[in-house]
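# below is the sequence, then the predicted model.
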Amino acid sequence: MKIVFARLLVLVACLFAAPASTLAADLTVVVTDTAGKPVPSAVVTFAPANGAAIAAGLKAGAYTMTQKLMKFAPYVLAVPAGATVNFPNQDRVNHHVYSFSKVQPFQFPLYGQGKTRTMKFDHPGTVAVACNIHDSMSAYIRVVDTPYFATTDMSGRVTLAGVPEAAGRLSVWQPMMDAPEHSVSRALASGKSGPQTFAIKVRGGALPASGAY
Amino acid sequence: MKGLCLAILLGLGIAGGAQAETQLFTRENIDGWVDVRAATADGERGWLDGGFGKLRYGNDSRLAVAQAALVWKPRLSDTVTGYMVAQYTPDALKPWGIEEAFIKWKPVPVSDLKYSVRFGQMFPPVSMEHDGAGWSVSRTLTPSAANAWIGEEVLVDGIEGAVQKTFGGHVLGLMGAVFTGNDTSGTILTWRGWALHDIASNRDSVLPLPAGQKGWAQIFNTGRQAPFSDVSAEIDGNSGEYVRLDWRPPAPFAVNLEYYANEADPEAMRHSQWGWDTRFWNLGVQARPAGNVEVLAQYMSGTSVMGWRRSDGWAFDVAFDTAYLLATRELANGARLTGRADYFAVKDRSWQSRDDNTEKGYAATVAYMRPLNAHLDLAVEALHVVSHRPSRSYQSLEPRQVQTQLQVALKVKL
């Protein structure tokens, strides 16, 4: 009985003695342009200074970039390094999906409606995806090396769930951001978990190419 | 060249038959439509009837098929495609024909340097309006004067290469081609003048010249020009060329600049068709000032000479220019409303006392287009054109003519 009590004491002590960094909280981030308009398709990541492993379950998640109505959906897909992405074709026409990005060049020669292809993305970075038949189709896969990531919707807002209250770096990447590597970041001090806002400069993309090229 | 192109197309198709990537006759390879048109136009006799009329219709009303087209887009391999448009336009002098027929090789890019090659019969990529299937316009029923002329007189047999590279968000493109078979380009533009209509030429098309014994028809002592222009005639064996630059900055606008020269020998004549040394510049601008508003503009300027040398220059020597500004607004349900203003002019620099081909005109077009369902498009268009052309007096007409044309089109698509 005495031993059991002592063990319990140790357990409770351990719980209370746990450093603040292992406590988790939700972190809300709002991304707008310089005029205050919400920016969608921005990938927000938090990388704890002392690192964070990506759980096997997160890598094994279902990540999908669909070809539908002659577009890729979503336009920006964030995945953890080591994840596998499905590329189903829901269009009536064939697509020839490719990327020449250094992070992971690949191509899926012509495949049609109802068929899918898969690709594993091991290295962090940006993979620009296009279709060699339909020049107006383009999308991005942002491969991140942290388990804490999310992509903004039309509201420009994301909530990173279960973020440790440790020091770390909060980053925003958006394909049209006018910044080095299309990314900005800031250091977060330990214990800081209030809402964060980013006002980024977004430029328009070039108009789609004419069919001539 | 067309025969060669077709042979290669079919040959590749047969040779590629064993490959899994080859697709020749699936639903994806075939497009087609029938465009039924109710049209009415006042004013002068149409150019198709031997007049100087500026529009497809003139002083008549019709309910008829305006165009039936079949587009074949065989896929010969992962990176090689064919393209062929067969069309029927009942009011053209030769209603049946092949409009474009080419093979395109477009390898999968391995860097941001992209390139492609086209070979066959095609319209040089001048028109920004013809981005619909089978070289059709998608914002109005009637293209601008500039692009109607491309469709009439600038159909080439050529080989075209294109490269494109991105520099810090700016996409730059360079395209170049050599071609044959377009030596008569400029004939219609000189003797009939500009026109706004949607009849694009085929390989075998012939275009009527203004009727009568005066004007161009009284010039020739020997080597008489036929009363029509053979669009694809190769007369002197010289090849022509065009070069195009594209700039697409990371902003909602794009600019292109093109130079075309058919390098025809103006003194060469064969089968009653003369070579016209025609060259022009075309500047195109596309902008999207708002998400659902698009603006297109083109300015074209060129010259054409033909015939024999006289003490004061060539027998026929014209400078031409035209511009349009088009704005289109995309509405709900895929509908769109478009307005366009056209300016066009020809300056005759030779022998005006016998054959004055000077002209100047303006046009305004308003069009509403709406898909009714996946297989049916509705379009309504009003076009008003004012033009001044002294050579109308050769047909006992007033030099200044005003015309309004109304069209309702139902396009039944595959």
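Received it, and whenever you're ready, just let me know what you need.
# C-alpha from now on. contacts and neighbour counts both.
Noted.
# separation between the residue nearest to B:Y394 when sequence neighbours are not counted and B:D355?
With C-alpha to C-alpha, 6 or more residues apart in numbering or on different chains as the criterion, B:Y394 has its nearest non-adjacent residue at 5.5 Å, and that residue is B:K214. B:K214 sits at a distance of 8 Å from B:D355 (criterion: C-alpha to C-alpha, to the nearest Å).
# picking up where we left off before, what's around the residue nearest to B:Y394, how many residues?
B:K214 is flanked by 15 other residues according to other C-alpha atoms under 10 Å in any protein chain shown.
# which phi and psi does it have?
phi -100, psi 180 (degrees, to the nearest 10).
# what does chain A put close to chain B?
Counting by C-alpha under 8 Å from any C-alpha of the partner chain, the residues of chain A lying close to chain B are A:92-93, A:96, A:98-101, A:105, A:109-110, A:132, A:203-207, A:210-213.
# now the buried members of these.
A:93, A:96, A:98-101, A:109-110, A:132, A:203, A:205-207, A:212-213 (16 or more other C-alpha atoms under 10 Å in any protein chain shown).
# ok, the residue of chain B found nearest chain A - contacts?
Going by C-alpha to the nearest C-alpha, chain A is nearest to B:P250 of chain B, at 4.4 Å. By C-alpha atoms under 8 Å, 6 or more residues apart in numbering or on different chains, B:P250 lies in contact with A:R203, A:G204, A:G205, A:A206, A:L207, B:G169, B:H170.
# ok, of those, which one's closest to B:G46?
Using C-alpha to C-alpha, A:L207 is the member of the contacts of B:P250 that lies nearest B:G46, at 38.4 Å.
# in contact with that closest one, which residues?
By C-alpha under 8 Å, 6+ apart, the contact list for A:L207 reads B:R248, B:P250, B:A251, B:P252, B:F253, B:A254.
# of the buried ones among the residues of chain A next to chain B, closest to B:S311?
A:A212 (44.0 Å).
# okay, now the unreliable bits of chain A?
Residue ranges of chain A with pLDDT under 70: A:1-22, A:192-193, A:210-213.
# quick check: domain ranges of it?
For chain A, the structural domains run A:25-52+A:150-204, A:53-145, going by automatic domain parsing.
# what parts of the stretch 151-300 of chain B come near chain A?
B:162-164, B:169-171, B:173, B:248-254.
# restricted to strands, list these.
B:A162, B:V163, B:Q164, B:H170, B:V171, B:G173, B:R248, B:F253, B:A254 (DSSP state E).
# ok, now how distant is the first one from B:S116?
Translated: B:A162. Relative to B:S116, B:A162 is positioned 5 Å away (C-alpha to C-alpha).
# so where do the helices sit in chain A?
A:2-17, A:56-59 (DSSP state H).
# where does the closest residue to B:L296 other than its chain neighbours sit: helix, strand or coil?
Closest residue in space to B:L296, ignoring its immediate chain neighbours: B:Q286 at 4.6 Å, by C-alpha to C-alpha, 6+ apart. Under DSSP: H, G, I helix; E, B strand; the rest coil, B:Q286 falls in the strand class.
# pull the number of nearby residues for B:Q286.
There are 20 residues near B:Q286, going by other C-alpha under 10 Å.
# residues contacting it?
B:F253, B:A254, B:V255, B:E294, B:V295, B:L296, B:A297.
# now the two most distant members of the residues you listed.
The span of those, defined through C-alpha to C-alpha, is set by B:V255 and B:E294 at 13.7 Å.
# tell me the helices and strands packed up against the longest strand seen in chain A.
For chain A, the strand that runs over the most residues, judged by DSSP E, is strand A:24-33. Counting contacts by 3 or more C-alpha pairs under 8 Å, 6 or more residues apart in numbering or on different chains; DSSP states H and E, strand A:24-33 packs against strand A:157-164, strand A:196-200.
# is it possible to get TSV of the contacts of B:P250 that adds distance to B:L414?
Shown next, in TSV, are these (distance: C-alpha to C-alpha, whole Å):
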residue	distance to B:L414
A:R203	39
A:G204	36
A:G205	33
A:A206	32
A:L207	29
B:G169	38
B:H170	38
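# three-state assignment of the spatially most central residue of chain B?
Nearest to the mean C-alpha position of chain B, counting by C-alpha atoms, centre = their mean, stands B:G151 at 1.8 Å. Under three-state DSSP, the three-state class of B:G151 is helix.
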